[in-house]
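S.K.: sequence and predicted structure below; questions after.
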Amino acid sequence: MDQKDYEATFKMFDKVKKMDKIEKVDFTDMIRSLSKNITVHDLSVATAVLRESGKYVQENYREKYLEIYIKYFIMRLKDINEDKNRHDNDYVDVDRIRESLDILKFQMDMEEHPNDKFPLIYVLISLYTTYILEQPIHPVGTPFPGNLHVTYKDGIFYCPVKRNNENNPKAVCKFCLAEQTELD
């Protein structure tokens, strides 16, 4: 990610961190303003990054995995830009956001994508999905080894790998809304 995008992202982060409270509509607007810097070319590069990382996924579910991730990333950015919901009087949890921003900043600082906007896309989608949509970062149906998937039951999202990744510095599981799937 170029220095300009990096600085703009963390300028927003710093602004949010200083707030006592923030309405969803304002947080959405902040995320949207950063997403305007993402072009079709950037999405193509992000798709290539996802395909490259997908080559390490077990072959028997690689295509399903890539289909969900690529569609999810591209469509979620479209959702951000087209979000017309004013989220009337809804607030986001600033303390949780502060923790999330610290995690995301750490991840961006250790990223190895100096010439693409994949890290920015990752940040925006993670924040929007978690705090605006109130959904897990991996969409329902995302496959994991052992024929396991992210699921939704009785108003709760479940992830089969959350517990295993909560301390992974490269994962966003620590602030994801999903709960750990109880495995037999």
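M.R.: Alright, I've got the coordinates.
S.K.: is the residue nearest to the spatial centre of the chain in a helix, a strand, or coil?
M.R.: In the chain, the residue lying closest to the centroid (CA atoms, centre = their mean) is residue 126, at 1.9 Å. Assigned state for residue 126: helix (three-state reduction, DSSP: H, G, I helix; E, B strand; the rest coil).
S.K.: am I right that residue 86 is in contact with residue 25?
M.R.: Yes. Counting by CB atoms under 8 Å, residue 86 touches residue 25, with 5.3 Å between them. Every residue, glycine included, has its C-beta placed from N, CA and C.
S.K.: looking at the two, which has the bigger crowd around it?
M.R.: Set side by side, residue 86 and residue 25 give different neighbour counts by other CB atoms under 10 Å, the larger being at residue 25 (16 against 11).
S.K.: my guess is that one contacts residue 83. True?
M.R.: No. With contact defined as CB under 8 Å, residue 25 does not reach residue 83; the gap is 9.3 Å.
S.K.: helices of this structure, residue ranges please.
M.R.: For the chain, applying DSSP state H gives helices covering 3-17, 24-35, 40-54, 59-82, 94-109, 118-127, 162-165.
S.K.: who's in contact with the third one?
M.R.: Outside helix 40-54, the residues that touch it by CB atoms under 8 Å, 6 or more residues apart in numbering are 62, 65-66, 69-70, 73-74, 77, 113, 116-118, 121.
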